[in-house]
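S.K.: Okay, predicted coordinates and the sequence, questions at the end:
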Amino acid sequence: MFLPPPGSGFRANAIRWAILLSVSVAVSLAFEMAHLPAALLLGPMLAAILLGINDRAVAMPRSAFMMAQGVVGTMMARAMPPNVLGEILSAWPVILIGVVSVVLTANVIGYALARFRVLPGTTAVWGASPGAATAMVIMAEAYGGDTRLVAVMQYLRVLIVATMASLAARLYLDTTLTGGTAADWFPSVHWVNFAGTLAVIAAGLVLSRVFKLTTGAMILPMLFAIGLQGTGLLTVELPPALLAISYAVCGWAIGSRFNREIIAYAARALPTILLAIVTLVAICAVYAVVLASATGVDFLTAYLATSPGGADSVAIIAASSNVDMSFVMAMQTMRFFMVLFTGPATARFIAGRVSRRDGPFAR
């Protein structure tokens, strides 16, 4: 593949963008045909990595990345049904125990990765955190983690969890999961709801800039949308084409930060990272067995509820399976907010302990 030399002007940048777009489309289509969730994010991310490791990264404007984060935030709000709060309250002791168990397990694994110098301290915590993958990468950037290594661990886990969920669905329910995007790219749009959704995103972006909130571009639109949905004032409307563009922008922004050095480092750490991911997934499967026994829900519902694949990707998988969607999203939502509010303090605590033991590595 022809890659123009760095710093060679407008023509070279145009060629890089053309290569980035064409490779993104090709890889995304291949992932879609393989029925992989998050294909429209992973494809662009891998395309951007390809250019980055050849020192031809395409710079992604921060304003575009922030707008894409706002779309992702409202998408996550849409995946959380209005009855999710009632579902949480009706079974809060069991859900709370399940959520805390998964978060504590992930934190222990994150500490082990930092303690044994597999990953730096804050990076290890965000990489192991069982929140939405894209959200965890964004949070890592805001709180000093290496987004590239966090992305490697988070999206590897997304792929592994998606594969395991697909196998579980086929074996347990004799069903097949489908990809995460709608076949109809340009369905009819409810323009009032769409305008309201855009207004929510815009409000979140403005407030995050005014108050200098590190993760406000994603979190504020999500919170606003959840509140408005709960009161019946808004139904989040996100056309598939807008979601595809937003996923691509997030993928490009993350992938453009990779270079040869970070890929070499990730390759050396890959066996341990894979072991950590498989360990977390296996422990969560054990929690699912206990949860299914305690609540009477089917195993696949319990497995998806405790799954560390992230609220966004799990929402896509759950929507493709015959499970209790409300129960799954109740646990995933509570866990997401627990990680959101406790993650920064946990990252600082673990990084501080490792730093005192091992010096500057854990910064």
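M.R.: Arrived safely, thanks for sending. Computed from a predicted model, the values in this text were never measured in an experiment.

S.K.: Just want the most central residue of the protein.
M.R.: By Cα atoms, centre = their mean, the chain has its centre lying nearest to A133, at 1.8 Å.

S.K.: What distance do you get for that residue to A140?
M.R.: Noted for A133: a distance of 11 Å to A140, by Cβ to Cβ, to the nearest Å. In this view, the C-beta of every residue, glycine as well, is placed from N, C-alpha and C.

S.K.: and what of L21?
M.R.: 27 Å.

S.K.: if you count what's nearby, which of those two comes out ahead?
M.R.: In this view L21 and A140 are compared by other Cβ atoms under 10 Å, and A140 has more residues nearby, 26 against 15.

S.K.: avg pLDDT for the helix or strand where that one lies?
M.R.: Assigned by DSSP states H and E, A140 falls within helix 133-142. Averaged across helix 133-142, the pLDDT comes to 77.

S.K.: From the chain's centroid, how far away is that helix?
M.R.: Mean C-alpha position of helix 133-142 versus that of the full chain (Cα atoms, centre = their mean, to the nearest Å) differs by 8 Å.

S.K.: State which helix of the protein is the longest.
M.R.: The residue-count maximum for a helix in the chain (DSSP state H) belongs to helix 260-295.

S.K.: Buried residues in that one, which are they?
M.R.: Within helix 260-295, the residues scored as buried using 16 or more other Cβ atoms under 10 Å are 262, 266, 269, 273, 276-277, 280-281, 283-285, 287-288, 291-292, 295.

S.K.: What of stretch 70-83?
M.R.: 70-81.

S.K.: show me the contacts for T231.
M.R.: Neighbour list for T231: empty [criterion: Cβ atoms under 8 Å, 6 or more residues apart in numbering].

S.K.: which residues of the stretch 201-350 of the chain score low on pLDDT?
M.R.: Scanning the stretch 201-350 of the chain for pLDDT under 70 picks out the ranges 214-215, 310-313, 315-317, 319-321.

S.K.: now the helices: where do they sit in it?
M.R.: For the stretch 201-350 of the chain, the helices defined by DSSP state H, counting those that start in this stretch occupy 216-230, 240-255, 260-295, 299-306, 311-319, 325-358.

S.K.: Quick check: which of the ones you listed is nearest to V125?
M.R.: With Cβ to Cβ as the criterion, V125 lies closest to helix 325-358 of the helices of the stretch 201-350 of the chain, at 4.2 Å.

S.K.: List phi and psi for M60.
M.R.: phi -100, psi 120 (degrees, to the nearest 10).

S.K.: The residue lying closest to it once chain neighbours are set aside: how many residues sit nearby?
M.R.: Leaving out its chain neighbours, the residue that sits closest to M60 by Cβ to Cβ, 6 or more residues apart in numbering is A253, at 4.3 Å. Residues near A253, counting by other Cβ under 10 Å, number 26.

S.K.: Next: the one 4 residues further on.
M.R.: A total of 18 residues lie near R257 under the criterion other Cβ under 10 Å.

S.K.: thought it was touching T147?
M.R.: Yes - with contact defined as Cβ atoms under 8 Å, R257 counts as touching T147 (6.0 Å).

S.K.: Chain neighbours aside, what residue packs nearest to A203?
M.R.: F224 (6.4 Å).

S.K.: again but with N13, I slipped
M.R.: That would be V58: by Cβ to Cβ, 6+ apart, it lies 7.4 Å from N13.

S.K.: Helix, strand or coil: sort out that neighbour for me.
M.R.: Following DSSP: H, G, I helix; E, B strand; the rest coil, the label given to V58 is coil.

S.K.: Give me the neighbour count for it.
M.R.: For V58, the neighbour count with other Cβ under 10 Å is 18.

S.K.: quick thing: my sequence starts at 4, can you match it?
M.R.: Let's use 4 as the start, then, which means that last one is V61.

S.K.: Per-residue pLDDT of it, please?
M.R.: Looking at V61, its pLDDT stands at 87.

S.K.: and it, how far is that from A198?
M.R.: On the measure of Cβ to Cβ, V61 and A198 end up 31 Å apart.

S.K.: Does anything pack onto the longest helix of the chain? Which helices or strands?
M.R.: Contact here means 3 or more Cβ pairs under 8 Å, 6 or more residues apart in numbering; DSSP states H and E; on that basis helix 263-298 packs against helix 95-118, helix 124-131, helix 150-175, helix 302-309.

S.K.: Distance to F68 added to the ones you listed, as CSV?
M.R.: Formatted as CSV, these follow (distance: least, Cβ to Cβ, whole Å):
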stretch, distance to F68
helix 95-118, 25
helix 124-131, 17
helix 150-175, 11
helix 302-309, 29
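
S.K.: Please work out which of the ones you listed is packed deepest.
M.R.: helix 124-131 (a mean of 30; mean count of other Cβ atoms under 10 Å).

S.K.: Fine by me, we can end here.
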